[in-house]
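Chemist: give me the fold of what follows.
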Amino acid sequence: MYPRPTVFDSDVITLVAEQLVASVLAWRGVPYGWEDQVRVRDTLVQVLELETDGYALAKSLDDEAGWENVDAGLVQILDRAVLYRTEVCQLKVQQWVVDMLIKPTLKVSDQVILKGDPGVPCTILEVVPELAIYRIQTTTALLEHKGRSQLVPFEDVDAINSITVQ
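Modeler: Numbers count the residues shown, from 1 in each chain. Below you'll find the model as predicted:
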């Protein structure tokens, strides 16, 4: 058994860096070869391990990696990293669900609590089996027709007097 993939996993970060390399090299505007691609990918991996948004990534490349002429164009390219991380991680989670044979044990309308926060009952609004997540909302907010729902992994909730699905 291996843990749920996250956006901070090294293989996710490496794939994100690989998706950004061509655009970053085009932004730099100089001819490049395989070695340049590898060097830029490795540099992106280093900053992606520390930062998540485009501005912070560009600043790290300027400050830590010594890149010159960092500008809004690079920030715009690096802003894609957030989307890429989400997409790559979702694909990894989908594979993890298949590999681990993960199935939901709860259903819509079941009452749950978040592990570590037993004082706030919530209601399951949606089950997303391919990502092993529930969309939940606090029961109070649901009854009052206000508040926002949140997505939580199957493993982060406990049932309150629910009938489990087999």
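Chemist: helix/strand/coil for the closest residue to residue 68 other than its chain neighbours?
Modeler: Take residue 68 and drop its neighbours on the chain: the residue closest to it by CB to CB, 6 or more residues apart in numbering is residue 62, 7.8 Å away. Any C-beta I mention is one placed from the backbone N, CA and C, and that applies to glycine too. For residue 62, the assignment made with DSSP: H, G, I helix; E, B strand; the rest coil gives helix.
Chemist: can you pull the buried residues of the longest helix along the chain?
Modeler: Of all the segments of type helix in the chain, defined by DSSP state H, the longest one is helix 72-99. Neighbour counts over helix 72-99 (16 or more other CB atoms under 10 Å) mark 74-75, 77-78, 81, 84-85, 88-89, 92-93, 96-97 as buried.
Chemist: what's the most distant pair in these?
Modeler: Using CB to CB, the buried residues of helix 72-99 reach their maximum pairwise distance at 74 and 97, which is 35.4 Å.
Chemist: the worst-scoring helix or strand of the chain on mean pLDDT packs against which elements?
Modeler: Of the helices and strands making up the chain, the lowest-confidence element is helix 139-143, at a mean of 75, by mean pLDDT, DSSP states H and E. Helices and strands touching helix 139-143, by 3 or more CB pairs under 8 Å, 6 or more residues apart in numbering; DSSP states H and E, are strand 117-128.
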